[in-house]
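Asker: have a look; sequence and predicted model below, questions after that.
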2 protein chains.
Amino acid sequence: MRDVAIVGVSQTKFGELWDKSFRDLIVEAGLKSIQDANMSGEDIDSIYVGNMSAGLFLDQEHIAPLIADHAGLNPVPCARVEAACASGGLALRQGIMAVASGYYDNVIAAGVEKMTDIVDATPAIAAASDQEWEAQQGITFPALYAMMAKRHMYEYGTTSEQLAQMAVNGHENGSKNPLAQFQNKITTDQVLRSGKVADPLRLLDCSPVSDGAASIMLCPAEDAKKYTDTPIYIKASTQASDTIALHSRKSLTTIESTVTAAKKAYDIAKVTPKDIDAVEVHDCFTINGLLAIEDLGFFKKGEGGKALEDGETKIDGKIAVNPSGGLKARGHPLGATGIAQAAEIVWQLRGEAGKRQVDGASIGMTQNIGGTGGTAAIHIFSRDQ
Amino acid sequence: MRDVAIVGVSQTKFGELWDKSFRDLIVEAGLKSIQDANMSGEDIDSIYVGNMSAGLFLDQEHIAPLIADHAGLNPVPCARVEAACASGGLALRQGIMAVASGYYDNVIAAGVEKMTDIVDATPAIAAASDQEWEAQQGITFPALYAMMAKRHMYEYGTTSEQLAQMAVNGHENGSKNPLAQFQNKITTDQVLRSGKVADPLRLLDCSPVSDGAASIMLCPAEDAKKYTDTPIYIKASTQASDTIALHSRKSLTTIESTVTAAKKAYDIAKVTPKDIDAVEVHDCFTINGLLAIEDLGFFKKGEGGKALEDGETKIDGKIAVNPSGGLKARGHPLGATGIAQAAEIVWQLRGEAGKRQVDGASIGMTQNIGGTGGTAAIHIFSRDQ
């Protein structure tokens, strides 16, 4: 198995991008990542794209060759990978395997979602849950995560104030990220006074509907220095599945797929949670960010709320959580999120994260979740090979 | 790079399967392939599923963990791969790379589509073409392929009678395949008298709307004999892209992605078209079957019609084309097709194809197309390592 390195990254601005089409966004991200790697189109051997649902958002399937076409890259092979909001993380995994296997050398792993071209994104997003047992009964994603939040409050005494800190932390960091959808700071009070979406989750507990794309250039580790002085190395790429419907889970307060995939990732990378300097977690709702920092082993189960309250997740805290702003502030164009998370960690490990730089970051991690945890993809990255 | 072998295959019956759900179909196929490999669920390390559009057909994305869940295989990683009607071929490719890379040993590559749960499948199928430049202008898939057929007739004098032979050949073989959707023979006259869909294509030039699933068990070639006495080896797995919209193509009478991917596959496998004993081509419409046998190098460009007329594509002809019945007779549940093609070649190379057996077949090939050729996936298989 060949080791794999990241030699280029990019992200478009995330937001409600009325003036940019699906095609514009992914081509912009892809070409920027090629330039960031000091490559040109002729260097590209294969492309993977994470996308949850161009089908339901745009009536467009078969986006892979469409993207290769609009980037002027035919006949380069291009494949779409989908696992709801973990589509980006899985595209990264397939890109890594394509390089590791020797099938291809220079591989783009990208992600894109254009969510604002339809009136109501909710039914499309609900397609990430179990249609027959959840969505058709009227349960939306905020409602599913609200049940998890309620249970965490019941079992561990977690408070709305504590949950709110996940959003406050995200916006604090997002205010320093010029590519973030929201670059304003918010207060605990603002979160607690925002409108209820699904009790106990309020508007500012929820990540937004977003357009955007992100892209990563992969190559064999042995070639990386040809393209950049600061390659970042993949130390682990893992994935696990869980029941797609919540009602079949043993617990509502832990995401087993995260626990399983993280344990495997730590083993493969030969590191522990203490070695991680920066982590991008999947805070589609504040409760999911809280579950993540517990399930990844940064804090004991039930103690995530207190850790957030105590500021241990700030950029200069015990573990820098979502230095990019996370899904809450950077935005959450579903298929792009897993790639944008990895791009942020690469910027952090290169020391290129500007005002949100985690001092001396050398090992980073991403956790990308599909649905309510039916899919989890975990990556560990390092400055050192 | 590790060599990869197929040690188990399965296909559900294809057809209008009112009594079987999406979940039923994929779980049935997956478990049968595990049994065919003399494995059990605990042996499975990872799953890839090709599916074009559970989103548009069933309002269900995130099918990968749903499948793992319903097969009782959580927390095994599961990923969906999509490239329209080439989704199955691409799932097979990702499965092969997952094994080749060393990331996983025993990998399922499956495909599934449930197309008959909605009133009209046409808009969902049209999502495989370019929405903005084709589908929204009212062009359906029969119309796109009809333009290709018209042009082939204009350039090479190909006749409707010759095209019809592709369907007659498929039904002849399908009549010997107990898993085929249509097991009746048809005559040239029946094809030519069937209703016009898009001139010059008639109803019997078109593959049907189908439900179905197929599955393949992959493992490292060095382990294959542990599971079966008749492993089949992957000799090449290639893919190419082309413009998704027809109007940008240099030619309407050749599918460049097939030509590019096939050339690479022959090079990698170190074989020529003459070495192939049986081929499964993507005859979603008769014209696409004809283009395939030319583009794959079995017949010169423009001579495919005559070859069909002369019976050179029959099971005992120069090259056995679609011994399964092809998309026309076996049926075409979009995401399942690429896997079903590979399953047929495995049965042929094992000598297990019953009344449709190609005598002494030792090397086989599949060609799986997405859209009008925006994607092509080619595989070459051999009885010998």
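Answerer: Received the coordinates, thanks.
Asker: where does residue A:29 land on pLDDT?
Answerer: We have a pLDDT of 98 for residue A:29.
Asker: for it, what are its contacts?
Answerer: A:10-12, A:110, A:112, A:213-215, A:336 (C-beta atoms under 8 Å, 6 or more residues apart in numbering or on different chains). Any C-beta I mention is one placed from the backbone N, CA and C, and that applies to glycine too.
Asker: assumed residue A:111 was part of a strand.
Answerer: Yes: using DSSP: H, G, I helix; E, B strand; the rest coil, the assignment for residue A:111 is a strand.
Asker: give me the neighbour count for it.
Answerer: A total of 36 residues lie near residue A:111 under the criterion other C-beta atoms under 10 Å in any protein chain shown.
Asker: over to residue A:123?
Answerer: Counted with other C-beta under 10 Å, the neighbours of residue A:123 add up to 12.
Asker: quick check: it is in a helix.
Answerer: Yes: counting by three-state DSSP, residue A:123 is part of a helix.
Asker: surely it and residue A:115 touch.
Answerer: No: in this structure, residue A:123 is not within contact of residue A:115 by C-beta atoms under 8 Å, at 12.0 Å.
Asker: skipping adjacent residues, who's closest to residue A:217 in space?
Answerer: Spatial nearest neighbour of residue A:217, excluding adjacent residues (C-beta to C-beta, 6 or more residues apart in numbering or on different chains): residue A:8 at 3.4 Å.
Asker: so the one you found belongs to a strand, correct?
Answerer: Yes: the assignment for residue A:8 (three-state DSSP) places it in a strand.
Asker: quick one: residue A:316 and residue A:361 touch, right?
Answerer: No: using C-beta under 8 Å, residue A:316 is not in contact with residue A:361, being 11.5 Å away.
Asker: neighbour count winner among those two?
Answerer: Taking other C-beta under 10 Å, residue A:316 and residue A:361 do not tie; residue A:361 has more neighbours (22 against 8).
Asker: one step back: would you list the contacts of residue A:29 in TSV and tack on distance to residue A:159?
Answerer: Listed next are these as TSV, based on distance: C-beta to C-beta, whole Å:
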residue	distance to residue A:159
A:10	39
A:11	33
A:12	36
A:110	39
A:112	37
A:213	37
A:214	34
A:215	39
A:336	32
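Asker: rebuild the residues you listed as JSON lines, extending it with distance to chain B and neighbour count.
Answerer: Formatted as JSON lines, the contacts of residue A:29 follow (distance: C-beta to the nearest C-beta, whole Å; neighbours: other C-beta atoms under 10 Å in any protein chain shown):
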{"residue": "A:10", "distance to chain B": "21", "neighbour count": "24"}
{"residue": "A:11", "distance to chain B": "23", "neighbour count": "30"}
{"residue": "A:12", "distance to chain B": "20", "neighbour count": "24"}
{"residue": "A:110", "distance to chain B": "14", "neighbour count": "31"}
{"residue": "A:112", "distance to chain B": "14", "neighbour count": "34"}
{"residue": "A:213", "distance to chain B": "17", "neighbour count": "36"}
{"residue": "A:214", "distance to chain B": "19", "neighbour count": "34"}
{"residue": "A:215", "distance to chain B": "17", "neighbour count": "33"}
{"residue": "A:336", "distance to chain B": "15", "neighbour count": "37"}
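Asker: how about residue A:81, secondary structure?
Answerer: In three-state terms, and counting by three-state DSSP, residue A:81 is strand.
Asker: the helices in chain A, which residues?
Answerer: With DSSP state H as the criterion, chain A has helices at A:22-36, A:54-58, A:63-70, A:87-101, A:122-126, A:141-156, A:160-174, A:188-193, A:256-269, A:286-295, A:304-309, A:326-330, A:334-350.
Asker: out of those, which is closest to residue B:65?
Answerer: With C-beta to C-beta as the measure, helix A:256-269 is the member of these nearest residue B:65 (7.8 Å).
Asker: please see if the closest one touches chain B.
Answerer: Yes: judged by C-beta under 8 Å from any C-beta of the partner chain, helix A:256-269 and chain B are in contact via A:256-257, A:260-261.
Asker: ok, of the residues you listed, which one's closest to residue A:173?
Answerer: Lowest distance from residue A:173 to the residues of helix A:256-269 next to chain B (C-beta to C-beta) belongs to residue A:261, with 24.3 Å.
Asker: ok, so what distance separates the residue positioned nearest the centre of chain A from chain B?
Answerer: Central residue of chain A (C-alpha atoms, centre = their mean): residue A:338, 3.2 Å from the mean position. Distance, residue A:338 to chain B, by C-beta to the nearest C-beta, to the nearest Å: 12 Å.
Asker: residue contacts, the residue nearest to that residue when sequence neighbours are not counted?
Answerer: Distances taken as C-beta to C-beta, 6+ apart place residue A:88 nearest to residue A:338, at 2.7 Å, with adjacent residues excluded. Residues near residue A:88 by C-beta under 8 Å, 6+ apart: A:50, A:111, A:214, A:335-342, A:368.
Asker: tell me the confidence at residue A:88?
Answerer: At residue A:88, the predicted lDDT confidence score is 98.
Asker: just residue A:119 next, same as before
Answerer: 87.
Asker: and what of residue A:240?
Answerer: In this model, residue A:240 is scored at 98, pLDDT.
Asker: with that, I have no additional questions.
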